[in-house]
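Undergrad: Have a look at this prediction, sequence included:
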Amino acid sequence: MARYTGPKTKIARKFGEAIFGEDKSFEKRNYPPGQHGNNRRRGKKSEYAIQLAEKQKAKYTYGILERQFRNMFKKATAAQGITGEVLLQLCESRLDNVVYRMGIAPSRSAARQLVSHRHITVNGEKVNIPSYQLKAGDVVGVREKSKSLEAIENSLANASHVYEWITWNAETKEGTFVSVPQRLQIPENINEQFIVELYSK
């Protein structure tokens, strides 16, 4: 499996922000990783280095590998609208991301696992593809047999975020992907323009 499974705090420290959600270890040491930490003199980053770091941050945040991310960029380029915004909208429309946004899972990696293990349904049908692209109006729910899973109940109990493009029914454990979010509604701190510039070279 090529997916990153190493220490997440190290990656968060590399980008200077907790991209994987709340992280107590990051709060204690929110300076770059490495032997010299804060004391290392870092020269001015090149334009390419800044663009590459932004792309890596987006990939780690959404848990997408390079080939898949590049394909999404091609799709975004072919679509109408601002390429960078469309790219982030495609990331947000992924099933694993929406499961995470709905609070069914505490992180995107946990959401990916729930989808892969067939705990999630879309419009009443089991879907086990984390990258499945949702359309406006799709209903995402927890499979009947999985509704009593402790991991899901704990995550829903601790979920506090409310997103305008998603509705959630706690009784039926179902939510609706109302619409594709606008850029202003996406809370991730990603400069998508840098990613577009990097891929356009």
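TA: Right, received. Where do you want to start?
Undergrad: Who are the packing partners of the host helix or strand of R67?
TA: Using DSSP states H and E, R67 sits within helix 66-78. If you count contacts as 3 or more Cβ pairs under 8 Å, 6 or more residues apart in numbering; DSSP states H and E, helix 66-78 packs onto helix 47-62, helix 83-92, helix 192-199. Bear in mind the C-beta positions are built from the backbone N, C-alpha and C, glycine included.
Undergrad: Please spell out which residues along it are buried.
TA: For helix 66-78, the neighbour count (16 or more other Cβ atoms under 10 Å) marks F69, M72, F73, A76 as buried.
Undergrad: Surely the first one and Y60 touch.
TA: No: look at F69 against Y60 with Cβ atoms under 8 Å: they stay out of range, at 10.6 Å.
Undergrad: Quick one: closest of the helices and strands packed on helix 66-78 to A110.
TA: Among those, the nearest to A110 by Cβ to Cβ is helix 47-62 (13.9 Å).
Undergrad: to the chain's geometric centre, what's the distance from that closest one?
TA: Averaging C-alpha positions (Cα atoms, centre = their mean, to the nearest Å) puts helix 47-62 14 Å from its chain's average.
Undergrad: Of all the residues in it, which ones are buried?
TA: Q51, A53, E54, K55, Q56, K57, A58, K59, Y60, T61, Y62.
Undergrad: now for that helix, which elements pack on it?
TA: helix 8-15, helix 66-78, helix 83-92, helix 192-199.
Undergrad: Can you lay out those as TSV showing distance to N123?
TA: As requested, the helices and strands packed on helix 47-62 are exported to TSV (distance: least, Cβ to Cβ, whole Å):
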stretch	distance to N123
helix 8-15	33
helix 66-78	22
helix 83-92	19
helix 192-199	30
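Undergrad: Which among these is found nearest to F177?
TA: Across the helices and strands packed on helix 47-62, closest to F177 is helix 83-92 (Cβ to Cβ), at 9.5 Å.
Undergrad: can I have that closest one written out in PDB, keeping just the CAs?
TA: Extracted C-alpha coordinates of helix 83-92, given in PDB (Å, rounded to 0.1, in the frame of the first residue of the first chain):
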ATOM      1  CA  THR A  83      -9.700  25.300 -11.900                       C
ATOM      2  CA  GLY A  84      -8.300  25.600  -8.400                       C
ATOM      3  CA  GLU A  85     -11.800  25.900  -6.900                       C
ATOM      4  CA  VAL A  86     -13.200  23.000  -8.900                       C
ATOM      5  CA  LEU A  87     -10.200  20.800  -7.700                       C
ATOM      6  CA  LEU A  88     -11.100  21.500  -4.100                       C
ATOM      7  CA  GLN A  89     -14.800  20.900  -4.800                       C
ATOM      8  CA  LEU A  90     -13.900  17.500  -6.300                       C
ATOM      9  CA  CYS A  91     -11.900  16.700  -3.100                       C
ATOM     10  CA  GLU A  92     -14.800  17.800  -0.900                       C
END
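Undergrad: Would you mark the buried spots in that helix?
TA: In helix 83-92, counting by 16+ other Cβ under 10 Å, buried: T83, G84, E85, V86, L87, L88, Q89, L90, C91, E92.
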